[in-house]
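Undergrad: Fold the stuff below for me.
(one chain, ligands or ions: 1)
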Amino acid sequence: MERMEFTVQGSAAIPYRVTLEKGGTNLNAYCTCAAGSNGQYCKHRFRILSGNPEGLVGPDPDGLRVAVDWLEGTDVESALRDLIAAEDHVIAAKKVLTQAKDRRAMDVAEQSFETSKIELAKARKLLAQAMLK
Ligand SMILES: [Zn+2]
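TA: Down below sits the predicted model:
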């Protein structure tokens, strides 16, 4: 089992610690933030595995490349990809909603937007589960 640690500045004064553990195709990711500690989705682990340096205190961005490499071929990779697709759906549905011209189009768009948000919540839950098994 290989192990890697990141320090991420979130909303709290003390930075959070994101820990990755990799063994074969299994990847686990832990975060010390409130959501992460409760086994829920958190953006800190999502960002690290997406190669996004936002909030990263250490190690340097080279460490992020290793994290993204570790993701490849793991059980978390597909869950992460599904989540990104679900986020895109929410953005697209929101755009359709803001462009709806009449009441009927607005109702349809609103329904679609609500459905996409439910799908996003599911994708986040599945990603959080995949990171802990
Ligand atoms: Zn977190």
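
Undergrad: which stretches of this protein have low pLDDT?
TA: For the chain, no stretch has pLDDT under 70.

Undergrad: same thing but at 90, please
TA: 10-12, 58-63, 75, 133 (pLDDT under 90).

Undergrad: That one against the ion: which residues are in contact?
TA: Contacts of the chain with the ion, taken as Cβ under 5 Å from the ion, map to Cys31, Cys33, Gly36, Cys42, His44. Heads up, the C-betas are built off the backbone N, CA and C, glycines and all.

Undergrad: Turn those into a markdown table, including neighbour count.
TA: As requested, these are exported to a markdown table (neighbours: other Cβ atoms under 10 Å):
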| residue | neighbour count |
| --- | --- |
| Cys31 | 25 |
| Cys33 | 20 |
| Gly36 | 24 |
| Cys42 | 26 |
| His44 | 24 |
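
Undergrad: Now, those that are in helices?
TA: Gly36, His44 (DSSP state H).
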